[in-house]
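> Generate coordinates for the sequence data below:
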Amino acid sequence: MTSYGKLQVHSMNLLIVLTLLLSPFCSHAASLASPLQLSSSSIDFGQVLPSTQSVPRFITVKNTGASSITLTNISISGPGSSLFKISANCDRGVPVDQGCSIQIAFAPKSEGIATATVSIRVGSSNSSQSVALIGQGSPKAIVDVIVYGATPAGIMAAIESAQNGKQVLLLEPTGHVGGMVSNGLGYSDGYDLEAVGGLPRTFYRKIYSYYGGSPASNGGHTFEPHVAEQVFDSMIKSNSSLSVLLNKSISSVRKNGTNLTALVTTDEHTYYGKEFIDASYTGDLMEKAGVSYTVGRESATQYDESLGGVSVPIQLSAVAIDPYVVPGDPHSGLLAHVGIHDPQKPGSADSAVMAYNYRLCISSDPGNQIHLLPPVNYDPAEFEILGREAVLLGSQLKLRSVIGPGALPNRKFDLNNVAEMFSTDEIGESFAYPEGGSIVRHKIEAEQKHYMQGLLYFLSTDTRIPQTVRTQVQALGLCKDEFTDNGGWPHQIYVREARRMIGEYVETQKDLELKTTIPDPIGLGGYAVDDHLNYLFNKDHEINIEFNRGFIPPLYPISYRILTPQESQATNLLVPVDVSASHIAYDSLRVEVTYMIMGQAAGAAAALAIDNNTSVQNVDYQELSKVLVSDKAILIAPR
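Presented below is the predicted three-dimensional model:
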């Protein structure tokens, strides 16, 4: 017999003993001819992971008497009473042959068996009935669904699974939930609002409600980072069987064949689950599970994509900029950030990853500012490209030419990169991030922070920058009321693209162009194919850049199969962020609203896989679509 089976038998034996101990009380209650009929006299919650809460169980109370009754007291007692959470809708009179329900959940704080008794009293009489409760806190308890990454996609996945009756554990590597949406990306990317339903629409509506319908919130799509985190927190807490554990980074996974059985974290805790969802930005869970993935860009011929692979280089900025330390002298060396080598031939594959940045939240309110200071070892020569660009452009250089501030409520701005300019993306710095370990990633994050601090200081002090721009930057600062535990700086770098799974189906440019038939849509995409700079380099004595300028697709269906690994590799894992898509298709899919759409679908599919005891690849699409539509998701483009 397995250890789990032994524990279950032990638990049941204790329940029998508990029931016997209560039998005199129960017999006395029965002698009083109670009009109550209970659906159960005992509940065994089995094993539940400490610091989580079980799926609620229900006791139905029915009035079998001759007249209406009032339940005057529903109480819980016993040595473990504080670990059982009880709520009831029985506070009013119960008519004859009618009933009400009592909801009970078990929330152990540590290992061990807990017992308690629920007593239900009628009116002012001594007539009452009781229900024996027992549960065991165990670190080996098997959770229904484990979601790795409390990104918006992960949160939607976790909520959807919980709403479909599953116990869900949401593990987050950082100390906060919300991913980039609560880390500075407040001027959110979006497309046709009529194509967004379900939980993502609920999130935006809650944001809109928070701001009282203010136009500054742009229908809920423009918000302050801390507000987004608050809304996510409230949505999470409204689902009692959903638990979040912060500062939990993955170390390894355990598998039995193609079935994942457990996730091990760097603090040496092991979490056992039935279904797993990788909602991280970097695909760390799927990589450790042995799922195929790619990094970089496929060639144009691999998926027959006209935009695939490396693009044709173009000039940086509207003016030609000399790349050499001493203008015109190649022997003097190249300026900081200028690469030596050209990209590969247009259309060819490479390992380049579009540039990252931090989405800073800044304030123009002097009372809510942390001053913009130079980084340690600040060197203005690092931004010589921008200085030369400023001289050549003169008064044409505007603040929006460099940092593209997007207005947020309450005098705040979301800083973003500006395409085809020297801006907040540190080009080429992201290449090692997707497959890098924690040391490599922390180094890149620190370098990107150093770069952006230096960029802002340069903009505010270098005399070549137009005075109007310098004055504008000097009037800005980090927000005192954002990221208060990190000096006003976001907790996460903006990972626009990392690993991409190679799954059951690969979404490509042709899908975005509606040249294919998708039989299993789980939502709609529609954001522009939005690449960021991959290379900044010297070409013919001028600074050139390389990236894909993309296009704006129509609303297009997203296939369920891009969430599923190959069946030979993993059968109980879903991936709603680092999905199975070509680089070109991912350039459109890679926005938070689409991640949330795919996250909700992953949560529904995980629940169905459990209910039907099947692999994620064999989840019945008709069932899945019914669940999603009933939860207000939009699967077909509105006419």
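> which sections of the protein are below the confidence cut-off?
Low-confidence segments of the chain (pLDDT under 70): 1-34, 91-92, 124-126.
> And the helices in the chain, which stretches?
Counting by DSSP state H, the chain has helices at residues 3-31, 152-163, 198-210, 225-237, 284-288, 384-393, 438-461, 467-474, 509-512, 583-589, 592-611, 621-630.
> Single out the most deeply packed of those helices.
With neighbours defined by mean count of other Cβ atoms under 10 Å, none of these is more surrounded on average than helix 152-163, at a mean of 30. Just so you know, the C-beta spots here come from the backbone N, C-alpha and C atoms, and that holds for glycine as well.
> closest to Q98 out of the helices of the chain?
In terms of Cβ to Cβ, the element of those nearest to Q98 is helix 3-31, at 20.8 Å.
> rewinding a little: out of the helices of the chain, which comes closest to A352?
If we rank the helices of the chain by Cβ to Cβ, the stretch that ends up nearest is helix 583-589, at 9.2 Å.
> what about that closest one, distance to the chain center?
Between the mean C-alpha point of helix 583-589 and the mean C-alpha point of its chain there is a distance of 18 Å (Cα atoms, centre = their mean, to the nearest Å).
> And stretch 128-141, by the same measure?
For stretch 128-141 - counting by Cα atoms, centre = their mean - the centre lies 32 Å from the chain centre.
> how about the nearest residue to V469, chain neighbours excluded?
Closest residue in space to V469, ignoring its immediate chain neighbours: L399 at 5.3 Å, by Cβ to Cβ, 6 or more residues apart in numbering.
> same question, S438
Leaving aside its chain neighbours, S438 sits nearest to S249 (7.5 Å; criterion: Cβ to Cβ, 6+ apart).
> gap between the one you found and P173?
With distances defined as Cβ to Cβ, to the nearest Å, the gap from S249 to P173 amounts to 4 Å.
> Have a look at these two and say which one is more surrounded.
Between S249 and P173, counting by other Cβ atoms under 10 Å, P173 is the more crowded of the two (19 against 15).
> Report the contact partners of the more buried one.
P173 sits next to G149, N247, K248, S249, I250, S280 when contact means Cβ atoms under 8 Å, 6 or more residues apart in numbering.
> what about it, distance to L285?
Applying Cβ to Cβ, one obtains 11 Å for the distance of P173 from L285.
> D425 now?
Computed with Cβ to Cβ, the distance linking D425 and L285 is 27 Å.
> Next: K85.
30 Å.
> In TSV, list the contacts of P173 along with distance to K109.
Putting the contacts of P173 into TSV (distance: Cβ to Cβ, whole Å) gives the following:
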residue	distance to K109
G149	25
N247	18
K248	18
S249	23
I250	24
S280	28
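> Out of the helices of the chain, flag the one nearest L415.
For these, distance to L415 was read as Cβ to Cβ. The smallest value, 8.2 Å, belongs to helix 438-461.
> Break this protein into its domains for me.
3-137, 147-297+497-525+549-630 (automatic domain parsing).
> okay, now S364: neighbour count?
The burial metric for S364, expressed as a neighbour count using other Cβ under 10 Å, is 16.
> Over to the one 10 residues further on?
The burial count assigned to P374 is 16, neighbours taken as other Cβ under 10 Å.
> I figured it was touching G454, is that so?
Yes: taking contact to mean Cβ atoms under 8 Å, the distance of 6.5 Å between P374 and G454 places them in contact.
> Could you double-check that L514 sits in contact with P554?
Yes: under the contact definition of Cβ under 8 Å, L514 touches P554, with a separation of 6.2 Å.
> mind checking how far S238 is from A607?
Distance of S238 to A607, given as Cβ to Cβ: 17 Å.
> brain fart, F483
The value you get for F483 to A607, if Cβ to Cβ is used, is 34 Å.
> Check L285 too.
In this structure, L285 and A607 are separated by 19 Å, where distance is defined by Cβ to Cβ.
> got it, and Y187?
Distance from Y187 to A607, counting by Cβ to Cβ: 33 Å.
> try L307
L307 is 37 Å from A607, where distance means Cβ to Cβ.
> Over to S217?
Relative to A607, and taking Cβ to Cβ, S217 is found at 32 Å.
> What of N618?
In this structure, N618 and A607 are 14 Å apart, going by Cβ to Cβ.
> for Q472, same thing?
The value you get for Q472 to A607, if Cβ to Cβ is used, is 50 Å.
> How about G123?
For G123, the distance to A607 - Cβ to Cβ - is 41 Å.
> residue boundaries of the strands in the stretch 451-600 of the chain?
Assigned strands in the stretch 451-600 of the chain, in chain order: 477-479, 500-501, 521-525, 535-539, 542-546, 556-559, 573-574 (criterion: DSSP state E, counting those that start in this stretch).
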